[in-house]
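Engineer: Give me a 3D structure for the following:
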Amino acid sequence: MRNWIVICLVWASCSGESVPKNVLPPEKMQDVMYDVVRVDEMVDFLRMSDSTYHLFSKRSALYDTVFGLHNVTKERFQQSLKYYQGRPDLLKEMMNNLHADITDTSKKSTSAPKELAQ
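Structural biologist: Residues are numbered from 1 along each chain as shown. Okay, the predicted model is just below:
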């Protein structure tokens with residue numbers, strides 16, 4: 001009986017699914033990743049229209065801007081990304097949510113406002 005109680009306590013303490021202190025929480029990481037994806041898309045689009053576009057320096061500067069907006073260092077983002085890559089269950093959920101956010105934003109931006117539809 002004592003073993004059963006210990007097992008239940010261990011199981012209950014592990015079910016919290018909290019991330020380490022040095023890792024961005026899933027919601028914050030998802031927000032940062034959303035903006036990182038937007039930076040990637042913008043830089044790739046601009047490069048297609050201008051072959052002299054300095055891809056690496058522009059991308060790096062925009063990443064720094066994103067990290068500044070979210071009050072996150074590049075190192076903490078990379079450390080968090082590495083953590084989530086080691087936790088595919090959390091990364092999959094985060095990526096599914098990110099995909100849904102991007103799809104929802106795309107639908108909103110491609111649909112005409114009600115005033116124009118009339």
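
Engineer: Check the average confidence over stretch 47-65, would you?
Structural biologist: The predicted model assigns stretch 47-65 a mean pLDDT of 79.

Engineer: Could you say which helix or strand holds the closest residue to N22 other than its chain neighbours?
Structural biologist: Distances taken as C-beta to C-beta, 6 or more residues apart in numbering place Q79 nearest to N22, at 6.1 Å, with adjacent residues excluded. The way it works is simple: take the backbone N, C-alpha and C, and place the C-beta from them, glycine included. Secondary structure assigned from DSSP states H and E places Q79 in helix 74-85.

Engineer: contacts for whatever helix or strand L62 lives in?
Structural biologist: Here L62 is covered by helix 55-69, with elements defined by DSSP H and E. Contacts with helix 55-69, where a contact means C-beta atoms under 8 Å, 6 or more residues apart in numbering, come from V32, D35, V36, V39, D40, M42, V43, L46, R47, T73, K74, F77.

Engineer: just stretch 19-30 next, same as before
Structural biologist: For stretch 19-30, the external contacting residues (C-beta under 8 Å, 6+ apart) are 32, 70, 72, 76-77, 79-81, 83-84, 90, 93-94, 97-98, 101.
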